[in-house]
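# Mind folding the following:
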Amino acid sequence: METPFNRITLIVLDGAGIGAMPDAPAWGDAGSDTFGHICESRQLNLPNLQGLGLGNIRPLAGVPAIADPRGGFGKCALKSNGKDTTTGHWEMAGIILERAFPTYPKGFPQQVIDQFIDKTSVPGILGNIPASGTEIIKDLGDEHVRTGKPIVYTSADSVFQIAAHEEVIHLDRLYEICEIARGMLRGEHEVGRVIARPFLGQPGAFYRTENRHDYAVPPPRENLLPLLSDNGLDVVSIGKIASIYDSEGVTQDLTAKNNEQSINQTIKALNDNTRGLIFSNLVDFDMLYGHRRDTEGYARALEHFDARWPEIENAMNEGDLLMITADHGNDPTYPGTDHTREYAPLIVYGKQARPAVNLGTRESLADIGRTIAENFRLNLAAGDSFLSELLIA
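Next up, the predicted model:
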């Protein structure tokens with residue numbers, strides 16, 4: 001069946017918001033502005049993003065609007081109740097959450113920890129605080145090795161993370177513990193993901209292994225990914241995309257642990273003969289730079305993505321469309337280490353798409369999923385499609 005675009009790539013710059021939403025004060029995020037404040041921190045070299053229309057979305061220091069951007073541009077509100085990874089990504093796929101996934105800035109309630117200890121038969125736990133995964137194994141790894149107690153921690157996201165040395169709590173046992181935790185964390189305490197965080201090494205030199213495993217809340221079946229795959233289309237996920245959707249609807253999962261690997265896998269996927277969706281997450285913006293409040297690291301990561309854009313574009317076919325957006329904000333200049341309630345940028349480019357289209361301020365990230373579904377002659381309930389605005393008459 002003929003469709004306007006044969007394949008659509010969606011790249012999520014994780015945490016790269018572009019200004020506080022009107023309800024940001026209610027979330028404690030008044031004045032947050034990830035892109036804006038990074039651009040104010042120094043002169044950024046983003047010629048490719050500027051050429052696509054980044055500066056046309058709204059004024060940015062050193063990245064002014066241009067007369068004829070090569071892409072369409074706009075920004076999306078987050079309509080759901082939340083500002084975390086799962087909420088933002090699910091909304092892109094057409095799921096609007098009225099109740100936010102719970103987060104635990106002061107650690108998990110004691111009754112949750114007591115239940116976890118009882119159900120898993122572990123000799124107690126260490127941690128129970130929001131923390132960086134690399135820092136907490138540095139701080140508590142010694143005691144964990146000595147006592148055999150797993151390290152439980154969380155983050156700004158709705159996650160219950162369990163870290164353990166692979167020679168102290170073997171992988172199969174760690175995964176079993178995580179499955180038990182996933183089973184008990186329902187109702188009021190249904191976090192978005194339970195995550196196994198295994199590590200190895202000696203005191204002073206602990207390091208996380210690649211045996212991480214996520215146990216996500218399965219999304220409602222009525223979302224973009226199963227809709228596409230159930231209709232014979234490819235859904236290629238890159239980075240943490242598959243785990244966010246509990247692999248529902250994913251036809252191919254390409255492993256990527258950082259921005260560099262995600263970009264490489266995106267280019268690889270573009271060079272493959274597929275028809276449908278390529279869905280890629282660039283995690284470093286959020287994980288390495290937003291949460292750690294590293295403004296300069298964030299700036300360099302944006303420049304790195306910009307510098308690699310020509311490779312991505314060169315891998316696109318004539319009938320491809322590509323969208324760049326974010327799932328929430330994570331302003332590295334803002335106090336604390338939490339996500340920020342911001343608009344997500346929206347840049348849309350295709351060799352056969354109409355350039356310089358002002359897509360305006362969208363009411364929801366679900367507009368992205370609705371547009372992708374309509375392109376493939378399918379229907380998604382949430383969102384408003386902007387497909388017609390991209391078509392050259």
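# right, and V250 touches G239 too?
No. Contact criterion CB atoms under 8 Å: V250 and G239 do not qualify, at 12.0 Å. Where C-beta positions appear, they are placed from N, C-alpha and C, glycine not excepted.
# doesn't G360 fall inside a helix?
No. G360: not assigned to a helix; according to DSSP: H, G, I helix; E, B strand; the rest coil it is strand.
# Which parts of the stretch 201-350 of the chain are strands?
207-208, 213-216, 234-238, 252-254, 276-282, 320-325, 344-350 (DSSP state E, counting those that start in this stretch).
# Contacts for the fifth one, please.
This points to strand 276-282. Strand 276-282 is contacted by residues 7-14, 89, 224-225, 228-229, 233-241, 244, 251, 256, 259, 262-263, 265-266, 269-270, 305, 372, 376 when judged by CB atoms under 8 Å, 6 or more residues apart in numbering.
# Can you give me the end-to-end span of stretch 223-241?
End-to-end distance for stretch 223-241: 14 Å, by CA to CA, to the nearest Å.
# could you give me the average pLDDT of that stretch?
For stretch 223-241, mean pLDDT is 97.
# again with stretch 259-269
The pLDDT scores in stretch 259-269 average 98.
# more crowded one of V250 and G239?
Neighbours per residue, other CB atoms under 10 Å: of V250 and G239, the larger number sits with G239, 26 against 21.
# and the more buried one, what does it touch?
By CB under 8 Å, 6+ apart, the contact list for G239 reads L254, A256, K257, Q261, S262, Q265, S280, N281, L282, V283.
# Kindly reformat those residues as TSV containing distance to V145 and neighbour count.
As requested, these are arranged in TSV below (distance: CB to CB, whole Å; neighbours: other CB atoms under 10 Å):
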residue	distance to V145	neighbour count
L254	34	20
A256	30	23
K257	25	15
Q261	30	17
S262	33	26
Q265	34	20
S280	37	26
N281	33	26
L282	34	28
V283	28	20
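# Test my guess that G71 contacts Q50.
No. At 10.6 Å, G71 does not count as touching Q50 under the criterion of CB under 8 Å.
# Comparing those two, which residue is more hemmed in?
Neighbours were counted for G71 and for Q50 using other CB under 10 Å; G71 has more, 25 against 21.
# give the contact list for that one.
So G71 contacts L52, G53, I347, V348, Y349, A353, P355, A356 (CB under 8 Å, 6+ apart).
# The fifth one - how many residues pack around it?
In other words, Y349. Y349, neighbours per other CB under 10 Å, totals 25.
# If we ignore the residues flanking it in sequence, what's nearest L346?
Sequence neighbours aside, G74 is the residue nearest to L346 in space, at 4.5 Å (criterion: CB to CB, 6 or more residues apart in numbering).
# What angle do strand 358-362 and the host helix or strand of that neighbour make with each other?
Assigned by DSSP states H and E, G74 belongs to strand 72-76. If you take axes from the mean of the first three to the mean of the last three CA atoms, to 10 degrees, strand 72-76 sits at 0 degrees to strand 358-362.
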